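[1] Just to be clear, the model below is a prediction. Sequence and coordinates:
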Amino acid sequence: MAGFSVPRYGPERGAWGRLTARDSLVRRLDWPLLGSAIALSLIGSILVYSATRGRDSLTHGDPYYFLFRHALNTGIGFALMVGTIWLGHRTLRGAVPVLYGLSVLLVMAVLTPLGATVNGAHAWILLPGGFSLQPSEFTKITIILGMAMLLAARVDAGDQPHPDHRTVAKALGLAALPMIVVMGMPDLGSVMVMVVIVLGVLLASGASNRWIFGLLGAGTAGAVAIWQLGLLDDYQIARFAAFANPALDPAGVGYNTNQARIAIGSGGLSGTGLFQGTQTTGQFVPEQQTDFVFTVAGEELGFLGAGLILVLLGVILWRACRIARETTELYGTIVAAGIIAWFAFQAFENIGMTLGIMPVAGLPLPFVSYGGSSMFAIWVAIGLLQSIRVQRPITA
């Protein structure tokens, strides 16, 4: 093997770079991560079809309506992942200011006549052909990339061992702008995810613990102030009240959670059988193809099927943690950590609200729930993780 050259993946070459037989792109991809994401999307397609095939008011008489669109969303998301790997996270690092600016403009566009209200949140932009866009999903990515760019710049350059206070303050300001706009929609669920992302990014960056504890204290004080000042909408207050006391209004605001728990509880160990769930076929659980898709798994596939979803999500988080640990640049570590915080919290919140251990917040289950914007953003995140792995330095 004399003279065999090992490629170095620089930002100008993207993730494809100059590949050799010994070190091909195929070998460098994280296949457990990719396989788990694909498996979850396939399971999601089946669950979305089961939840919607009999709902003529939603499907316009076509039982495959949501199945086709979910598959299309997954395909587009997969293509976005491939494009992200091809560009490489280091190339995207240089485009962060433009991407961040576009995401903020899109979020602000929701507050104009272009915006539309869905399920109480004025967080959508309606597009031709019956499609819609939720800009806050893409803002999660740009917050991660923007904060990573600022926090890692001087550390990766070797100028300092960890981000200084001024840099951390700039990074927090970058995250605060879109979060304030999203809070005004109001889209409390997305804000919750963004807060967790910010904390995960700061922890991975090596920033002083004073910032972490300060943010936790400020967040607690802010939540109390928002509650006391009555800044939450009535439906949001009702959701928290139903979470605190599920029996408060079982036929009203507590209906979704109660029906979700009945559906999951009726599944037992192995479930009632695919397409045989009485709660699902009876259409007792609202928004079952999106926020409450986990109830279909719990009822029709039982503990074993629902447990498989948890295992696949766990594999994704495990592989993402490994990617974050193995990369030698702080920028890649921070990006991976932000994605880990995002996926972990959103999955926990979504599944938790169906079990009644978390308040209903309108967050989709990653890869499984129906929804284009969420699917696109999540697959871009997978592309970033794969790029970090592919572009990691080679030592031999």
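    Received the coordinates, thanks.

[2] Can I get stretch 354-368 in PDB, CA atoms only?
    Provided in PDB are the C-alpha atoms of stretch 354-368 (Å, rounded to 0.1, in the frame of the first residue of the first chain):
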ATOM      1  CA  THR A 354     -49.800  10.600  25.200                       C
ATOM      2  CA  LEU A 355     -49.100   8.800  28.500                       C
ATOM      3  CA  GLY A 356     -50.200  11.800  30.600                       C
ATOM      4  CA  ILE A 357     -46.800  12.500  32.100                       C
ATOM      5  CA  MET A 358     -46.200  15.600  30.100                       C
ATOM      6  CA  PRO A 359     -48.500  18.500  29.100                       C
ATOM      7  CA  VAL A 360     -49.900  18.500  25.500                       C
ATOM      8  CA  ALA A 361     -47.600  20.800  23.500                       C
ATOM      9  CA  GLY A 362     -48.300  20.000  19.900                       C
ATOM     10  CA  LEU A 363     -44.900  18.500  19.100                       C
ATOM     11  CA  PRO A 364     -44.500  15.700  16.500                       C
ATOM     12  CA  LEU A 365     -42.700  12.400  17.100                       C
ATOM     13  CA  PRO A 366     -39.500  12.500  15.100                       C
ATOM     14  CA  PHE A 367     -39.600  10.500  11.900                       C
ATOM     15  CA  VAL A 368     -43.000   9.000  12.800                       C
END
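
[3] so how many other residues sit close to Leu133?
    Residues lying near Leu133 (other Cβ atoms under 10 Å) number 20. Every residue, glycine included, has its C-beta placed from N, CA and C.

[4] Also Glu326?
    Glu326 sits with 13 neighbouring residues when counted by other Cβ under 10 Å.

[5] so who does the residue lying closest to it once chain neighbours are set aside touch?
    The shortest distance from Glu326 to any non-neighbouring residue, by Cβ to Cβ, 6 or more residues apart in numbering, is to Arg392 (6.2 Å). Residues near Arg392 by Cβ atoms under 8 Å, 6 or more residues apart in numbering: 9, 326-328, 332.

[6] which parts of the helix or strand hosting Ala320 are buried?
    For Ala320, the host element (DSSP states H and E) is helix 302-326. By 16 or more other Cβ atoms under 10 Å, the buried positions in helix 302-326 come out as 302, 305-306, 309, 312-313, 315-317, 319-320, 322-324.

[7] Output the lowest mean pLDDT helix or strand found in this structure.
    Between all helices and strands in the chain, the lowest mean by mean pLDDT, DSSP states H and E belongs to helix 234-244, at a mean of 62.

[8] Give me the distance from the next helix-or-strand element following that helix to the chain's centre.
    Next helix or strand after helix 234-244 toward the C-terminus (DSSP H and E): helix 255-266. Taking Cα atoms, centre = their mean, to the nearest Å, one finds helix 255-266 lying 24 Å from the centre of the chain it belongs to.

[9] can you check stretch 83-93 too?
    Centroid separation between stretch 83-93 and its chain, computed with Cα atoms, centre = their mean, is 19 Å.

[10] Figure out the length between the terminal residues of that stretch.
    Stretch 83-93 has its terminal residues 15 Å apart, counting by Cα to Cα, to the nearest Å.

[11] check contacts around Glu137.
    190, 373-374, 376-377.

[12] need those residues in TSV with pLDDT, can you?
    Formatted as TSV, the contacts of Glu137 follow (pLDDT from 0 to 100):
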residue	pLDDT
Ser190	89
Ser373	90
Ser374	93
Phe376	95
Ala377	96
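
[13] returning to that earlier point: run through who's touching the helix holding Ala320.
    With contacts defined as Cβ under 8 Å, 6+ apart, helix 302-326 is touched by 30, 32-33, 36-37, 39-40, 43, 204, 264, 267-272, 294, 297-298, 301, 332-333, 336-337, 339-340, 343-344, 347, 351, 365-366, 368, 385, 388-389, 392.

[14] What is the burial count for Ile339?
    For Ile339, the count of nearby residues is 28 (other Cβ under 10 Å).

[15] let's have the chain start at 149 instead
    Fine by me, first position is 149 from now on; the one you just mentioned is Ile487.

[16] Secondary structure element for the residue nearest to Tyr479 when sequence neighbours are not counted, which one?
    Once flanking residues are discounted, Tyr479 sits nearest to Ala300: 3.9 Å by Cβ to Cβ, 6+ apart. Assigned by DSSP H and E, Ala300 falls within helix 283-304.

[17] And that helix, how far out from the chain middle?
    Counting by Cα atoms, centre = their mean, helix 283-304 comes out at 15 Å from the chain centroid.

[18] Please pull up the helix or strand immediately following that helix.
    helix 313-331.

[19] Just want the angle from whichever helix or strand Ala199 is part of to helix 450-474.
    When elements are assigned from DSSP H and E, Ala199 belongs to helix 179-200. Taking axes from the mean of the first three to the mean of the last three Cα atoms, to 10 degrees, one finds helix 179-200 and helix 450-474 inclined to each other by 140 degrees.
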